[in-house]
Structure formats: C-alpha cells, structure tokens
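1. based on what follows, work out the 3D shape:
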Amino acid sequence: QQDPHKWLEDVLGDESMAWVKGKNAECIAAIGDPTITDTYKRILTILDSKDKIPNLFRIGGPSGMYYNFWQDDVHVEGIWRKITLESYKSATPEWKTVIDVDALEPPVCGTAKTWVWHGSTLLDEGPGALCDRAIIALSPGGSDADTRREFDLVKECWVEPADGGFAMPKAAKTQCAYRSRDEVLVGTDFDGDGKALTDSGYPRVVKSWKRGTPIESAVVVFEGEQTDVCASQYAYHDRGFVHEFQLRSITFFTSKYWYRKLTAENLKTVSADAEPASFKEVPIQADAQLGTFADAAMLSLRSDWQPPGCDATFKAGSLLSVPMEKAMQGDWGGVVALFEPTPSKSLEERTETRDFLILKTLQDVRTVLEFWKYEDGRWEKQSSGSSEAVAVGEDVNIQCLARMAEETNEVWITRDGFLVPDSQEIGNAENGCSVTETLRSKPAMFDASGLTVEQNFATSLDGTKIPYFVMRRAGIEFNGSNPTLLDAYGGFELSQLPYYSAAVGAGWLEKGGVKVVANIRGGGEYGPKWHQAALKEKRYKAYEDVEAVAADLIERKICQPSTLACIGGSNGGLLVGNMITRPRASTLFGAAVCQVPLLDMKAYSKLLAGASWMGEYGDPDTDDWLFLRKHSAYHLLRHDCLGLPEVPPPATPVEGRAEWTCPKVLFTTSTRDDRVHPGHARKMVRALQEEAKERAPTVYYWENVEGGHAGAADNKQRAHMWALTYIFVGKMLGLQGSW
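-> Alright, predicted model coming up:
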C-alpha cells in the first residue's frame with residue numbers, strides 16, 4: 001500500500017523479469033542496438049587489445065614466476081597465467097596458462113552463465129617457505145557471492161576434496177584464508193540459513209577448518225554481533241614476526257581489534273581453537289584502522305587523537321607507528337608520525353616492500369610519493385627521486401613486485417593520465433625509485449591530439465572550493481554549446497583520480513565531447529574530514545558541490561543545461577538520483593546516466609548489503625530518517641516532485657513542485673548485483689514512467705542479467721554497457737557524429 005512498486009524487489013520473480021525484459025527491449029528500440037555501432041566495436045577492440053599492460057606479481061620467492069589474470073576476445077572469462085621476468089621483458093613473451101576459466105564447467109546459479117574471477121589467496125608459511133598452494137575465488141555471473149577451491153601451484157591442478165583439498169562449491173559471501181598449511185579460517189553462510197551472517201549479509205561467525213575434514217566439523221573460534229558489518233580472524237607472517245587478529249567491523253568506519261602475538265612454530269603446529277595464548281583488545285580509537293609492519297603497529301586515524309602517553313594531538317588522516325608491544329600497553333610515548341595532513345594534502349594509500357613504506361599522498365588531487373625505511377626497529381624518512389607533484393590530469397601508482405611484500409624492495413611503477421597511456425616500469429624503493437626500467441608502454445588507444453586537461457575549482461554554497469578536472473579540445477568555443485559529461489561519486493572516502501580510460505576517449509572525447517571529473521566532498525581527496533563533511537546528515541553537501549561544479553561549467557560557457565549531463569554509479573547513482581529530482585540540480589542538467597544506484601533510502605538497509613552502509617548514510621528506522629528523507633531520491637521524486645501521498649505523512653505537508661521536469665535519463669543495473677539491489681533502479685524507473693509520465697518524457701532502462709555490481713561480467717558486456725551509455729548521452733546532448 002505504501003510502495004506500489006515494491007514487487008520489483010523480487011529479483012528473479014517471473015513478473016519482475018518480464019518487466020525487465022520489456023524495458024530492455026524498449027531501451028534498445030529507442031536508442032538502438034549498440035552492438036552494431038562503431039562505438040561498440042571500438043570499445044570492444046580496446047578491451048580485448050593484446051596491447052593492454054598486464055598487472056602481474058611474483059609468486060614463489062626470488063626465483064618465482066610472475067602471475068597475471070587476462071581477458072580478451074579468445075579468453076572471454078579469462079585465464080590465470082604465468083611467465084618468467086626474463087621472458088616478459090623479451091619481444092616474444094611466452095606465457096603459460098595455469099587456470100583457463102573458460103574451460104571450466106559453467107555455473108548453475110540463477111541467471112549466471114559465466115564465471116567471474118575474484119582472485120587468489122596464497123599460502124604463506126613464512127620467510128624462505130615455498131608458496132605452493134592457493135585458494136581460488138570464482139563468482140557465478142559476477143555477484144559478490146563466490147565459490148572457493150584449492151589449487152596446487154607446483155603441480156598446476158586443483159586439489160580435490162578427496163585428496164584433502166579445501167572446496168566450497170556453493171556461492172556465498174565468504175572470507176577464507178590459510179592460517180597454516182592444514183588449516184584455514186573461514187566465515188560464510190555455513191548452513192545456508194543466514195544465521196552465520198550479519199544483517200549486512202557478510203560473515204559473522206569464523207571457524208577453524210582442518211584439512212581432510214568436512215566443513216561441518218569446523219570449530220567456531222570467533223563471533224561478531226548480528227548488527228556488525230562483518231567479523232573476521234586472520235593470522236600472518238610479517239618480516240620474521242607472526243601476528244593474529246580478531247576483528248569486529250562494527251560499521252563501515254568503526255571496528256574493534258583483538259590481538260595475540262604468536263611464533264612461526266605456534267602457527268604451524270597449533271590450530272586456532274587449540275592455541276593457549278589469549279587475545280587482548282587493542283586500546284585504540286574505534287574509527288582507527290590498524291595494521292603492522294614487522295613488529296610495529298601502523299595506525300591510520302579517521303578522527304583527531306591524542307594517544308595515551310603522548311603530549312601531541314594528531315589530526316584525522318595521520319598515519320602513526322609505534323612498536324606493537326607498546327600499542328598493546330597503551331604506551332604511545334615513542335610514536336612516530338609517518339604522515340600528517342594539511343588543508344591541501346592527504347594520504348591516499350600506502351605500499352609496503354621488505355624494508356620500505358611508500359606513501360602516495362595527494363596535493364590538491366595531484367600525487368606526490370614519500371618513502372620511509374624501517375630498520376632495527378626505527379623509521380627513517382628517505383629522499384625520493386622527486387618530491388614534485390605529477391602533472392595535472394596524470395597519476396603514478398606503486399605496487400610491490402611480489403605478492404609477498406617482505407620478499408623484495410623492488411616495485412612496479414605505473415604512470416598514466418586522462419590523456420596519457422599507461423607505462424609500466426620496475427624501480428627500487430632503496431633509491432626512492434629514482435632509477436627505473438621501462439618494460440611496457442601502451443600505444444595510444446584513441447586520438448588525443450588537440451585535447452587538453454585542466455583543473456578548476458568551483459565554489460560550493462558554503463564557500464568550500466571544489467576541485468574538478470576538465471578534458472576537452474584545446475580550441476573549443478566557449479559558447480555553451482559543448483556536450484559535457486560530468487562524473488562524480490562523493491562517498492565512502494573514495495578519491496576520483498586521473499587514469500587512462502580509452503573507452504572514454506574513443507566513446508566520448510574523440511567525438512567532440514567534454515568530460516569532467518569532480519572531486520566533491522564525501523570522497524577521500526582531502527582525507528577523512530573531506531569525507532566526513534558529507535556524511536549522514538551532511539550528505540546534501542556533496543550534492544551542493546555537484547551543483548556548484550555544474551554552475552561553474554555553465555558560467556565558463558563550456559556548456560549550458562541542455563548540453564550538460566551527469567553520470568554516476570552506486571553511491572554515485574544516488575547522487576544522480578538527487579540531481580534529477582533536486583529543485584536546482586534538475587534545472588542544470590539536460591540528461592543523466594544512473595548506474596547500479598541506491599535510490600530508496602527508506603528501504604536500502606533491508607536490501608542485500610545495505611545495512612553495511614548505515615555508517616555512511618544513517619539508519620532509516622531511527623530519527624536518522626528525518627535527514628535521510630531529504631536525499632532519498634525515490635521519495636524526492638514521488639512526494640516532493642509529484643506530490644503523491646506519503647505514509648506516514650511528513651510533519652510538514654509536501655504539495656509537489658509543478659515546475660519540475662526530469663532530465664532525460666538512462667538507468668543501468670544488473671540482475672546479478674548482490675550488493676546494491678536492482679530494485680532501486682527498477683522502482684525509480686517505473687515511478688518515472690507510470691507516475692511522472694509527461695513530466696519525465698525520456699526515461700530508459702537497461703538491466704544486464706549478469707555482471708554483479710560492476711554491471712558487466714566480460715568485455716562484450718562492458719562494451720555493450722559503455723557504448724549504450726555514450727550513444728544515449730551523445731544523442732540527448734546533440735553531439736554530432738557517427739556512433
């Protein structure tokens with residue numbers, strides 16, 4: 001009675017799927033079949049290109065092989081393959097296939113027809129030990145739920161359960177990692193009834209599972225609370241030390257840690273349930289993130305903190321280190337601040353090698369690298385090859401050469417940018433990566449001649465400066481006529497950084513379109529406080545930031561409302577939902593693309609993984625609904641825009657906005673998305689088409705039956721989704737040219 005479109009939340013119901021099939025057909029009939037267009041063919045060629053640079057890591061120590069997962073037109077679902085570094089450097093690299101995913105028996109799970117690679121978890125028995133086993137995760141159709149199966153890296157074959165292999169053939173949201181050769185710590189939906197899961201649908205119960213025994217005999221070693229996001233227990237070797245933690249992820253941003261120090265012999269010979277050493281709670285802030293480096297604790301702050309035994313107060317976004325033993329004692333008198341933020345500088349991520357910590361910092365969304373060395377229990381800051389920020393619109397990323405970071409100080413260095421194709425180098429943290437060897441340079445995948453990138457700052461409603469990047473032709477006329485696509489996310493402390501997307505280039509920039517990436521609040525571009533500035537009741541700040549960027553683009557005469565579109569996925573889909581329903585925003589955009597979105601913020605916490613995001617958005621079953629209602633796009637549409645009755649009625653009656661009209665909009669999602677429920681998009685589209693009608697004259701919907709939260713499971717599906725997107729936006733904004 002309250003929600004006439006609720007039946008569309010039945011993901012695989014006959015009525016729902018019939019509706020989906022009909023909407024897909026309407027979408028293709030109106031926009032056209034993307035698979036017969038040049039845009040689709042260009043994007044698919046790019047995705048399948050043999051010129052892509054492999055992302056590879058060494059497994060097996062200094063004499064080990066380099067592994068990579070690869071997809072192309074021949075290997076649609078993909079292969080896990082390996083190579084020697086010498087061969088990789090040669091003109092004719094000789095890869096050996098380890099696992100051919102296409103050759104596996106297809107999944108039997110709902111609409112899933114293909115496997116999607118979810119990665120490998122390695123057996124680590126400490127320094128010098130041979131890494132010969134891995135647990136492989138494969139997802140049916142791209143859902144977050146996946147299967148697990150043990151693989152022998154030396155014999156290159158599956159370890160069958162009859163031979164003592166670990167196998168979990170039923171797809172579930174699972175955590176599974178080796179504790180020792182013959183023991184894994186596993187959290188999953190053990191009995192299939194959901195009792196071992198949290199309200200968010202993630203593991204709540206962790207068990208010790210011994211080799212050669214049925215999983216039904218696994219012993220409980222840790223339990224979280226029902227309302228937690230998830231619970232986990234994990235043990236690992238770390239540069240000659242052995243650590244074991246228990247972790248309750250209470251919300252997306254708060255946790256409790258328990259710790260016990262072990263020896264390598266303990267870990268090898270005593271199972272988790274039999275280990276006599278007790279866990280003790282780590283006395284740190286609930287919103288801090290804890291890790292280790294050898295015997296040192298590494299603490300990332302999300303709020304200001306004066307550690308016990310220390311006179312200084314460290315700002316949110318700082319990275320602190322102290323011996324783990326001292327951290328357990330609550331003695332931070334000898335704390336070392338490895339990073340402290342400034343108003344314009346934040347810590348984006350860190351990379352570990354055997355002896356070094358490499359910090360990727362952002363200076364007004366431009367990367368600067370910093371190096372620290374850990375030796376004899378002390379940290380020392382190093383000089384790097386360059387302390388200058390990268391050029392506007394470019395980026396650099398560092399990853400350890402080996403999967404086991406304690407094996408080497410060598411690193412992979414990847415450089416790219418919005419208009420700069422990827423290059424791959426090998427460097428060494430010992431010299432601050434001042435000397436590198438270039439191994440690969442991707443050829444240009446689109447014509448960037450005549451294109452330029454600039455960074456501008458818009459002023460939001462409260463005076464905050466909001467950075468954004470613009471990719472455009474250098475010689476455009478500033479007359480408001482340039483079709484412009486504005487991309488934003490603004491959530492979960494995730495930064496939107498430059499990267500080379502040939503699909504954007506071929507599908508949009510080459511055709512004369514302008515692409516904008518906005519670094520709005522809610523993201524991580526300026527650290528935790530930038531994120532927290534748009535958290536929960538302050539979510540509207542992110543939307544005001546997008547409105548400010550849009551207005552700035554119009555003020556600069558790059559575009560006008562009829563030539564400006566917005567695009568966003570997941571949390572960014574909620575943003576787009578607000579852009580098409582907010583009073584100001586809906587007049588700034590002529591079109592929009594809303595991908596795998598959240599939209600119904602009253603129901604979101606009851607749908608799939610939604611409960612895990614209440615730390616970001618709030619709890620709609622409490623007084624939080626008073627502010628959640630203000631950016632629940634589904635309610636903004638039905639009640640604020642259309643004036644439909646609301647149950648229960650709000651304290652202040654809403655009459656609807658007679659002047660509101662919806663920008664032309666395309667919604668895309670996936671049936672197999674088990675993170676953000678496809679019902680959000682389905683219900684919004686039906687409300688627009690059935691209840692808004694002439695006030696929303698152009699509304700299209702496309703739902704891929706595979707793909708998970710990424711929206712696509714293989715390159716053909718990815719090319720279909722992006723070609724459909726660019727064709728829609730191009731036609732709606734009047735971008736001339738062949739599609």
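
2. contact partners for the spatially closest residue to Tyr526 that is not a sequence neighbour?
-> In space, and not counting its chain neighbours, Tyr526 is closest to Ser346: 5.1 Å by Cβ to Cβ, 6 or more residues apart in numbering. (Glycine included, C-beta is placed from N, CA and C.) Applying Cβ atoms under 8 Å, 6 or more residues apart in numbering, we find Ser346 in contact with Gly317, Thr361, Leu362, Gly524, Glu525, Tyr526, Gly527, Trp530.

3. Glu265 - that's part of a strand, no?
-> No. Counting by DSSP: H, G, I helix; E, B strand; the rest coil, Glu265 is not part of a strand but helix.

4. which of the contacts of Ser346 fall within strands?
-> Thr361, Leu362 (DSSP state E).

5. scan the contacts of Ser346 and report the most crowded one.
-> Gly527 (27 neighbours; other Cβ atoms under 10 Å).

6. ok, Gly128 to Ala651 distance?
-> Noted for Gly128: a distance of 68 Å to Ala651, by Cβ to Cβ, to the nearest Å.

7. no wait, Ser383
-> Taken as Cβ to Cβ, the span from Ser383 to Ala651 is 61 Å.

8. looking at these two, which has the bigger crowd around it?
-> Ser383 (11 against 6).

9. so who does that one touch?
-> Phe371, Gly432.

10. the one 5 residues further on too?
-> Glu388 sits next to Val368 when contact means Cβ under 8 Å, 6+ apart.

11. which element is Met721 on?
-> For Met721, the host element (DSSP states H and E) is helix 715-733.

12. model confidence over that helix, on average?
-> Here helix 715-733 scores 96 as its mean pLDDT.

13. centre of the chain versus that helix, how much separation?
-> Computed by Cα atoms, centre = their mean, to the nearest Å, the chain-centroid distance of helix 715-733 equals 21 Å.

14. with stretch 374-384 instead?
-> Using Cα atoms, centre = their mean, the offset of stretch 374-384 from its chain centre is 31 Å.

15. quick one: the helices in the stretch 251-400 of the chain?
-> 264-269, 324-329 (DSSP state H, counting those that start in this stretch).

16. right, and those helices - which one's nearest Glu646?
-> Closest to Glu646 of the helices of the stretch 251-400 of the chain is helix 324-329 (Cβ to Cβ; 50.3 Å).

17. contact partners of the helix or strand hosting Gly22?
-> Element membership of Gly22, judged by DSSP H and E, is helix 14-31. Applying Cβ under 8 Å, 6+ apart, the contact partners of helix 14-31 are 7-10, 666, 671, 682, 685-686, 700-703, 724, 727-728, 731.

18. just after that helix, pick out the following helix or strand.
-> Per DSSP H and E, the helix or strand that comes after helix 14-31 is helix 38-48.

19. show me what that next one is packed against.
-> helix 502-504, helix 715-733 (3 or more Cβ pairs under 8 Å, 6 or more residues apart in numbering; DSSP states H and E).

20. how about the contacts made by Glu160?
-> Ala167.

21. correction: the previous question concerned Val76.
-> Asp102, Thr114, Asp714, Asn715, Lys716.

22. again, but for Ser200
-> By Cβ under 8 Å, 6+ apart, the neighbours of Ser200 are Asp228, Val229, Cys230, Ala609, Gly610, Ala611, Ser612.

23. let's see 6 Å
-> Counting by Cβ atoms under 6 Å, 6 or more residues apart in numbering, Ser200 touches Val229, Ala609, Ala611, Ser612.

24. related to what we said a few turns ago, put together JSON lines for the contacts of Ser346, with distance to Glu94 and pLDDT on each row.
-> Shown next, in JSON lines, are the contacts of Ser346 (distance: Cβ to Cβ, whole Å; pLDDT from 0 to 100):
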{"residue": "Gly317", "distance to Glu94": "46", "pLDDT": "98"}
{"residue": "Thr361", "distance to Glu94": "39", "pLDDT": "97"}
{"residue": "Leu362", "distance to Glu94": "39", "pLDDT": "98"}
{"residue": "Gly524", "distance to Glu94": "41", "pLDDT": "98"}
{"residue": "Glu525", "distance to Glu94": "42", "pLDDT": "98"}
{"residue": "Tyr526", "distance to Glu94": "46", "pLDDT": "98"}
{"residue": "Gly527", "distance to Glu94": "45", "pLDDT": "98"}
{"residue": "Trp530", "distance to Glu94": "47", "pLDDT": "98"}
